[in-house]
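**Q** Compute the structure for the input listed below.
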Amino acid sequence: MTENAQPKKNKSVKEQPSTTTRLRNLTFIKEVVKYFMDFLETDFHKRHNPKRTVKFRNDSNLLVGIDLSKYTRFRKLVFEAINQGFRKVNVNRIERGVYRANIPVDLLQLTKIQSQKLTEQEIDRLLDGIAKGVAKAVSSKKEYDRALTAAFEYTQTTLKNELVHPFIRFLEKPLHNLSL
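**A** Alright, predicted model coming up:
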């Protein structure tokens, strides 16, 4: 054997992998094990977000929630209160008429068309009914307050029964479709 000759390697002895190769293999194995652990923890099911529904009415059909999408200014106030942790904004007391819903233009047009359909005879019948009620109320001249109250109540009842209720029955389906 010469000095420059290298000794032959024994093929029966395996070479040890380098440290970086071992670390890469270990990382890969950890990832695979983590994947299967997650898989086993979910009982072989996909993860789903829980089903959430928002109900505005309870089982007795009583209103228990408010659709905030109709009230843009109020919705802004509520989100501001939530973002501030209810520290500065108080939504416990809301004054009447401060936050209003915008009435859709189509509904306003429908209302206008329906009011234009009123005939002279319907208006005359309405006015005659109110006049009779006022005449009955005036019969108690000595009790002015009672007569005035009776006249107002009769007028209100007549308008409600002869004009408003039929009008609402006509608009009920469009109002329901628009969630108003």
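**Q** where does this structure have its least confident helix or strand?
**A** Using mean pLDDT, DSSP states H and E, helix 165-177 stands out as the lowest-scoring helix or strand of the chain, at a mean of 79.
**Q** Next, the buried residues of that helix.
**A** Leu171 (16 or more other CB atoms under 10 Å). C-betas here are computed from N, CA, C, even on glycine.
**Q** cool, stretch 143-156 as well?
**A** Ala147, Ala150, Ala151, Tyr154, Thr155.
**Q** And the furthest pair within those?
**A** The distance between the two most remote of those (CB to CB) is 12.5 Å, for Ala147 and Thr155.
**Q** residue closest to the middle of the protein?
**A** Asp67 (3.9 Å; CA atoms, centre = their mean).
**Q** quick one, phi/psi of that one?
**A** Main-chain torsions, Asp67, degrees, to the nearest 10: phi -80, psi 100.
**Q** Please apply the same query to Leu62.
**A** Torsion angles, degrees, to the nearest 10, at Leu62: phi -90, psi 140.
**Q** How about Arg57?
**A** phi -130, psi 150.
**Q** quick one: it from Leu63, how far?
**A** 6 Å (CB to CB, to the nearest Å).
**Q** sorry, back to before: can you pull out the residues in contact with the least confident helix or strand of the chain?
**A** Contact with helix 165-177 is made by Asp106, Leu107, Leu110, Thr111, Gln114, Ser115, as judged by CB atoms under 8 Å, 6 or more residues apart in numbering.
**Q** Using a markdown table, lay out these together with pLDDT, distance to Ile94 and secondary structure.
**A** Output for these, formatted as a markdown table (pLDDT from 0 to 100; distance: CB to CB, whole Å; DSSP: H, G, I helix; E, B strand; the rest coil):
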| residue | pLDDT | distance to Ile94 | secondary structure |
| --- | --- | --- | --- |
| Asp106 | 81 | 28 | helix |
| Leu107 | 80 | 24 | helix |
| Leu110 | 83 | 29 | helix |
| Thr111 | 82 | 27 | helix |
| Gln114 | 84 | 31 | helix |
| Ser115 | 85 | 31 | helix |
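**Q** farthest pair in the residues you listed?
**A** Every pair of the contacts of helix 165-177 checked by CB to CB; the farthest is Asp106 and Ser115, at 15.1 Å.
**Q** surely Leu126 meets Leu159?
**A** Yes: look at Leu126 against Leu159 with CB atoms under 8 Å: they come within range, at 7.3 Å.
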